[in-house]
Each structure stands twice: as structure tokens, then as C-alpha cells.
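1. what would the 3D arrangement of this be:
(one chain, ligands or ions: 1)
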Amino acid sequence: MLTGFLGSGKTTLLKRLLTDPALAGCAVLINEFGEVGLDHYLLERIDETMVLLQSGCLCCTVRGELSEAIRDLHSKRERGVVPPFDRIVIESTGLADPFPVLSTLKADPVLRHHFKASGVVTTVDVVNADAQLVGYRESVRQVAIADVVVLTKTDISDPAQTELVKEMVRSINPDAPILQSVDGDLAIGILMDPTTLTRSDALQSPGGFYCDEGWVGPTALGHADRIRSFVLVFDGAVDWTTFGVWLTMLLNRHGDRILRVKGILNIEGEEFPVAIHAVQHLVHPPVHMRSWSDREQRSRIVFIVDGIDCSAIEQSFKTFHNIADATPSQEWEPSLV
Ligand SMILES: Nc1nc2c(ncn2[C@@H]2O[C@H](COP(=O)(O)OP(=O)(O)OP(=O)(O)O)[C@@H](O)[C@H]2O)c(=O)[nH]1
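-> As a prediction, this is how the structure comes out:
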């Protein structure tokens, strides 16, 4: 299982790992928080051993769907309907609490018979981790259960920040090896080593961690309480400069509460879509994709926010871009930027 907080680099890591021959015969299950999943497009691999669990969060609403999807894959493998696979990678949502997910898999008698949980890899974004570990219980639990922790974005963080995050990770999970990866670049060996992958079996359940200031208890309530996701879908190309200005202003002002923005955009003058990513105040460089993976060719931007009125973001976007038909449409609210 590959877990890690919103935008911490799970899909980036998975995309690179899937190019390794060691994971050639591997099925992938992706679960995203929000109504529209984009990760399967961003992975740029869509085949019958790639399953998207789309209707909710793995740890809250789709645990049954997860078991069912694995059973279904197993049955198709037995019947030769899908290529034989010897491993399944589950990429969880950035808000998943991995403890109930693993318990569900272990509790299912069919799955227990045919599959063995081999380990949990947790990505930790060193630029944003200190705020996430203090503010979000899910983030602490993802680190606590890890067999291996992979620190990401060390290339854009200063070394002192990386050290601070390492210390926080160690205080939550002293045993797990802490690796570093830049843009998903990681030798796969340690992730496949069964002697490393034992910790998640213990299923410990932490509530906080020690640091210089003493005990820090995550302050967040369960994510269903405050965190909302919504998607803007619209036809027609957007002007890249206008979009960039809008997003920068929005995140400058509200980045603390905008946990994640990710999207596939139809940009004026570009044949193929551009993937955009932001995590709180951090905007990542856009990525030019090699094709439109679906027929619709519509732009989609997913927002995951904590305590912000979704309709205000939507209205701000429409006003800024002069777009009338972005869905979902809502009542007018004071613009955020
Ligand atoms: N500079 C830098 N950027 C990275 C690194 N790893 C990931 N990113 C960027 O971070 C952004 C989010 O990465 P994703 O792989 O989509 O993160 P995720 O954890 O799958 O995101 P969610 O599924 O939404 O939770 C993208 O723009 C990546 O290119 C890294 O090591 N260095």
C-alpha cells in the first residue's frame, strides 16, 4: 500500500516504480478523495489491471469496494481475463487513515486466503509536512504505520527543514527506514525486501508525537467533518497566464486552507493537456501530457479544501476567466481573490 498526505508525491513515485521490471506484473488500485479521479490519467497507464475506486475515501466509504475490487481482479486473473499479476499496489487517498484499510483487508476471509499484505510505503512532503503532521491526524497515522517512509521534495526544501521533518517522522515511527526521493526516483530494492516490510502487521494506532515542544496531538477532527472536495469541469481552452495569476493569488491568500489542487487543463495553443498541481502554498511546475486520455477533452480541476466555501472558489474562477459554464454552478458568493 502506498499512502502519504495530499500531494506528497504518491502518484509521482508510483509512476516511476511501475517502470521497474520488478513491478512489471503488478495490478494497481487507485483511490482518490473527491468525485473525479485524475490519478489514472496522470499515471498515463490505463489498462484492465488498473482499477479506480472513485466514490469516496478508502478508509471511510469504500472499504467494501476495495475488497470487492481485489476479489474481482483475483477472479479475472484466475479466468485469464486480465494478464497474470503477482502483486497489487494500492494507492490510497492523501486523507486515508491506513489502519482501517489494512484491517478490512485482513478481515476478509477470501482476500486473506489469496493475498498477503506485504507492506506500507508512506510518502512525506518535506515542504509541507510540519504543518500537516501537526494539523492532520491522518498524516500522523500514515507515517506511524509505514514500513518505509519516503521523504519527497527534498530538492526544493532547505536541508534544515528536511532534518526537522526527519526528526518528526522518527518521533512517530522510530523503526522505519527513511529514504529520500526526488521526483519519484528511488531504487525499488528496499521496497521489495520482505524483511523491511513487517511493521504494518503490528497495526499500532498513535494519537500524536513528541518534538522539542513536547507532545503534539494532531488537532484535526476526522476529515469528513471539515474537508471538502469539489471539481470544476469546463469546456474550452483557458489562457495559461490568466490561470497562473489566478491560482497564485488564490493560494497566496488561502493556501493554508487549500490542501490540494490538481487538474488537467485545456490550454490555449496546446494540442495536449497540461497537468497542474499545488499543495497549500506550493505550486509545482506544470507538466505537459502526451495525449488526452479520454474522449471528452474537458478541463477538470479538483480542489480539496479545509473550511473554505467551495462556491466562492468557483465564482472567483469564473469571474477571473470569464467562464460561464464551469460546473457545478452555485449561488454567487463574494470572490476570494
Ligand atoms: N520538486 C519536487 N516535486 C515533486 C516531488 N515529488 C512529487 N512532486 C510534485 O508534487 C506534485 C504532487 O505530486 P503527486 O505525485 O500527484 O502527489 P500525490 O501524493 O499522488 O497527490 P494526491 O493523490 O492528490 O494526494 C506534482 O506536481 C509532482 O510533480 C519531488 O520529489 N520534488
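2. sec struct for the residue positioned nearest the centre of the chain, please.
-> Residue closest to the mean C-alpha point of the chain, counted by C-alpha atoms, centre = their mean, is G94 at 4.0 Å. Assigned by DSSP: H, G, I helix; E, B strand; the rest coil, the conformation of G94 is coil.
3. would you put the C-alpha positions of stretch 296-309 in PDB?
-> Only the C-alpha atoms of stretch 296-309 are listed here, as PDB (Å, rounded to 0.1, in the frame of the first residue of the first chain):
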ATOM      1  CA  GLU A 296     -14.200  14.400 -23.600                       C
ATOM      2  CA  GLN A 297     -11.100  16.600 -23.600                       C
ATOM      3  CA  ARG A 298     -12.600  18.800 -20.900                       C
ATOM      4  CA  SER A 299     -10.600  20.600 -18.300                       C
ATOM      5  CA  ARG A 300     -11.000  19.400 -14.800                       C
ATOM      6  CA  ILE A 301      -9.600  21.000 -11.600                       C
ATOM      7  CA  VAL A 302     -10.000  19.200  -8.300                       C
ATOM      8  CA  PHE A 303      -9.800  21.200  -5.100                       C
ATOM      9  CA  ILE A 304      -9.600  19.700  -1.600                       C
ATOM     10  CA  VAL A 305     -10.200  22.400   1.000                       C
ATOM     11  CA  ASP A 306     -10.400  22.700   4.700                       C
ATOM     12  CA  GLY A 307     -13.100  25.100   5.800                       C
ATOM     13  CA  ILE A 308     -13.400  27.200   2.700                       C
ATOM     14  CA  ASP A 309     -16.600  27.800   0.800                       C
END
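4. give me the buried positions along it.
-> 298-306, 308 (16 or more other C-beta atoms under 10 Å). Every residue, glycine included, has its C-beta placed from N, CA and C.
5. any regions of the stretch 201-337 of the chain where pLDDT drops low?
-> Residue ranges of the stretch 201-337 of the chain with pLDDT under 70: 201-225, 294-295, 323-337.
6. contact residues of it facing the ligand?
-> 260, 262, 277, 284 (C-beta under 6 Å from any ligand atom).
7. verify the stated contact: the second one with V279.
-> No - the criterion here is C-beta atoms under 8 Å, and K262 misses it with V279 at 9.0 Å.
8. joint contacts of those two?
-> Shared contacts of K262 and V279, defined by C-beta atoms under 8 Å, 6 or more residues apart in numbering, are found at G7.
9. in strands, which of the buried residues of stretch 296-309 fall?
-> 299-306 (DSSP state E).
10. so which of the residues you listed is the closest to E163?
-> E163 lies nearest to D306 out of these, by C-beta to C-beta, at 27.2 Å.
11. please tell me I have it right and the closest one contacts L259.
-> Yes - under the criterion of C-beta under 8 Å, D306 makes contact with L259 at 5.7 Å.
12. which neighbours do these two share?
-> I227.
13. any idea how far the residue in the chain sticking out farthest from the centre lies from A312?
-> Residue farthest from the centre of the chain, counting by C-alpha atoms, centre = their mean, is R79 at 31.8 Å. Remark: distance between R79 and A312 (C-beta to C-beta, to the nearest Å) = 50 Å.
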